[in-house]
Each structure stands twice: as C-alpha cells, then as structure tokens.
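Here you go, sequence then predicted model.
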Amino acid sequence: GVPRLVMRVEHVGRLILNEPLLPSTATPVRASDTAVRVALVSSLERQPVSYLLRVKMPQEAEALLRAISSHIPAADGARGEA
C-alpha cells in the first residue's frame, strides 16, 4: 500500500490528517526548532496543501522529519532514504 501521514487528536482519537505520501511529495523541511513543514497533494481536492507540524522538543522535530522523509516512496517505487 501507499504510506500515509496520519494524525489524531490526543486523548480523543479524532482523525485530523490522513494523506498519502506519494513520490511527488516534497521533502519535508524544518520550519523552526520545533516544527516541520510538509507539502502534500490533498487526496480529496487533488490540490497542494502545506502543513506545519509542531512538537515540543527539537529532537522530536528531527525524528519526525526523518520518519516522514524515509517513508516518501521514490519515483521507481523503492522507499526513500533520509
């Protein structure tokens, strides 16, 4: 299957983000010490959408950046490397 970026509201579990990571997904970038910006193509509107994902600690931002980057498929279908 296609890897997806999924986010739920803490304690409630309501789904707030569920988008595919496609070969065309841009590499996420650090927007600040505690934030990662990722641009995706919305699965519903088929339009580019930018998300700013904030975490509490800089180490968490780096781990999130690496995790997302490593799951973006390469154009040939192989997994991306971070």
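Thanks, I have the structure now. Residues are numbered from 1 along each chain as shown.

for this structure, what spans make up the helices?
Taking DSSP state H to define them, one finds helices in the chain at 58-71.

how about the strands in this structure?
With DSSP state E as the criterion, the chain has strands at 4-8, 15-20, 29-32, 35-41, 48-54.

List of residues touching the shortest one?
Counting by CB atoms under 8 Å, 6 or more residues apart in numbering, the neighbours of strand 29-32 from elsewhere in the structure are V36, R37, L52, A61, E62, L65. Any C-beta I mention is one placed from the backbone N, CA and C, and that applies to glycine too.

Quick one: neighbours of the second one, just the number.
By that I understand R37. Other residues near R37 come to 15 when the count uses other CB atoms under 10 Å.

Using PyMOL, define a selection of the buried residues within the contacts of strand 29-32.
Entered in PyMOL, the line below selects the buried ones among those, by 16 or more other CB atoms under 10 Å:
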select buried, resi 36+61+65
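
Just flag the most distant two among the contacts of strand 29-32.
L52 and E62 (15.7 Å; CB to CB).

before we move on, the earlier item: so which of the strands of the chain has the densest surroundings on average?
Among the strands of the chain, strand 35-41 has the highest mean neighbour count (mean count of other CB atoms under 10 Å), at a mean of 19.

Let me see the mean pLDDT of that strand.
Strand 35-41 carries an average pLDDT of 94.

helices or strands up against it?
strand 15-20, strand 29-32, strand 48-54, helix 58-71 (3 or more CB pairs under 8 Å, 6 or more residues apart in numbering; DSSP states H and E).

closest one to L5 among those?
Nearest of those to L5, taken as CB to CB: strand 15-20 at 5.2 Å.
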